[in-house]
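>>> quick one, what's the 3D model for this:
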Amino acid sequence: MVETRERVSVAAKAGVFWGCYIPALQPFAEAAFRLILDDLGLSLSDVRGIACCPSPFMFKILDYEYWLETARANLDAIASDFRAIVTLCNGCWDSLLHARDLVENPPEVLHIAEFLIGLRNALLKRIQTPLQNLRVAVHVGCKPRSKPSLVDAIHELTALTGARIVNWRTAKICCGYPLFLAKPDEALETRVRVKVEDVQQVGADAIVVVCPACFMLLERGQLVLRRKGLRQTTPVLHLVELLALALGHKGQEIGLDAHAIKPKALLESIG
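Residues are numbered from 1 along each chain as shown. The predicted structure is shown next:
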C-alpha cells in the first residue's frame, strides 16, 4: 500500500481524468471530490485536451484496436504533464490501465479509491459527521474485481465514514449497464430490479458506487421500474459523496438535490 506521504507527493503532479458522464450528468460527484481535495489541502489539475477514455463497455467490444489506440493516444498526450491520473470511473480506469504498456513513461493510472486510500489517515482526522446511522450496500462494479486490493480499498473507505456496510446476496452481480446497451428491458428486469429489491430487503439506506455508469443505471433504472411495479426507490451515492458527507459537508453543498432519486430521508438521518 502506498503511504500517505507518497500519495501526497504524487498528488503534486497528478491530474483528474473526469471522463464523460461526471461533467455532463453527475456534477455532484465532481463537486464532492473537489470538496474532499480542499479539505485535505490538495490541488489536482484537470486533464484537458483528451477524448473519451473510450468506454470499454462499447468500444472494446465493437472495435478492440480503436478502443486501445484511443486510450493510448489519451495517455500519450498527457504523459509529459502528469505523474499520475486519478479517475472516478471504473471504465476510464480500465481503459487507461490497459493502454499503459503502449506509452513510453506513462503516468500512473489510479482509481479514485486507490488514490484516497493512501490518504485514509488524513481523512479519518477530518471526519466531522460520522455516518453510523446509515446502512449502505456497496456495489463495487465489475472492473475493480480484477484487483482485490482495490475492492478492499472501496470497502475500507466506505467503512471509514462510519456507515454500516450490509451484506447482500447480489452484491457481485453486474449493474446491467453493458446489457442495457443492447437489451434495456432485460437489463432493467434481470439486473436493476433484482439488485434493488435485494438492497431493500436487507434494509440498506443507500447504494454506494464508484462508477458513473453503475450510478446512472441503478438510479435512473429505478425510476423506470417504479412505473412497472417497483414499490420504492433507494438513493444511489458515489463513494466521494459519502465521504464528503462524513467530512461535514451538507447535501446542498455537494449537489445531492440534483439526484434523480432525492436522498431526503438519508440526509435527515445524519442530521
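>>> mind listing the strands for the protein?
Secondary structure of the chain by DSSP state E: the strands cover 14-17, 45-46, 84-87, 108-111, 135-139, 164-165, 206-209, 236-238.
>>> tell me which of those sits most buried.
strand 236-238 (a mean of 28; mean count of other C-beta atoms under 10 Å). The way it works is simple: take the backbone N, C-alpha and C, and place the C-beta from them, glycine included.
>>> can you check which of the strands of the chain gets nearest to V224?
Across the strands of the chain, V224 has its closest neighbour in strand 236-238 (14.0 Å, C-beta to C-beta).
>>> neighbouring strands - and their directions - for the closest one?
Using DSSP bridges, strand 236-238 pairs in its sheet with strand 206-209 (parallel).
>>> pLDDT on the partner strand, on average?
The average pLDDT for strand 206-209 rounds to 99.
>>> may I have it exported as CSV, CA atoms only?
Only the C-alpha atoms of strand 206-209 are listed here, as CSV (Å, rounded to 0.1, in the frame of the first residue of the first chain):
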residue,chain,number,x,y,z
ALA,A,206,-28.4,3.8,0.0
ILE,A,207,-26.4,2.1,-2.7
VAL,A,208,-22.7,3.2,-2.8
VAL,A,209,-21.0,3.0,-6.2
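>>> domains in the chain, by residue range?
4-117, 128-270 (automatic domain parsing).
>>> compare those and say which comes out lowest on pLDDT.
domain 4-117 (a mean of 89).
>>> CA atoms only for stretch 146-156 - export them in CSV, please.
Extracted in CSV, the C-alpha atoms of stretch 146-156 (Å, rounded to 0.1, in the frame of the first residue of the first chain):
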residue,chain,number,x,y,z
SER,A,146,-9.8,-7.8,-11.3
LYS,A,147,-7.8,-6.2,-8.4
PRO,A,148,-8.7,-7.5,-4.9
SER,A,149,-6.7,-4.7,-3.2
LEU,A,150,-9.0,-2.1,-5.0
VAL,A,151,-12.1,-3.9,-3.8
ASP,A,152,-10.7,-3.8,-0.3
ALA,A,153,-10.0,-0.1,-0.6
ILE,A,154,-13.5,0.7,-1.7
HIS,A,155,-14.9,-1.1,1.3
GLU,A,156,-12.4,0.4,3.7
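>>> what sits up against that stretch?
1, 111, 113-114, 116-117, 120, 138, 140, 144-145, 165, 210, 239 (C-beta atoms under 8 Å, 6 or more residues apart in numbering).
>>> and it, what's buried?
By neighbour count on 16 or more other C-beta atoms under 10 Å, the buried set for stretch 146-156 is 150-151, 153-154.
>>> stretch 77-95 now?
In stretch 77-95, counting by 16+ other C-beta under 10 Å, buried: 78-79, 82, 84-95.
>>> now for those residues: which two are most distant?
Longest distance between any two of those is 22.1 Å, between A79 and N90; criterion C-beta to C-beta.
>>> wait, K172 sits on R145?
Yes: counting by C-beta atoms under 8 Å, R145 is a contact partner of K172 at 7.3 Å.
>>> hang on, the earlier thing: format the buried residues of stretch 146-156 as TSV; extra columns: distance to P263.
Below are the buried residues of stretch 146-156 laid out as TSV (distance: C-beta to C-beta, whole Å):
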residue	distance to P263
L150	26
V151	24
A153	24
I154	20
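>>> coming back round to it: got a quick ChimeraX command for the buried subset of the contacts of stretch 146-156?
In ChimeraX, this line selects whichever of those come out buried by 16+ other C-beta under 10 Å:
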select :111,113,114,116,117,120,138,140,144,165,210,239
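>>> which one of the contacts of stretch 146-156 is nearest to P23?
Nearest to P23, judged by C-beta to C-beta, of these is V210 at 16.9 Å.
>>> distance of that closest one relative to L243?
Taking C-beta to C-beta, to the nearest Å as the measure, V210 and L243 are separated by 11 Å.
>>> repeat for A153
12 Å.
>>> between the two, which contacts overlap?
Taking C-beta under 8 Å, 6+ apart as the criterion, A153 and L243 both touch L116.
>>> isn't H139 up against C214?
Yes: the pair H139 / C214 is scored as a contact, 5.9 Å apart, by C-beta under 8 Å.
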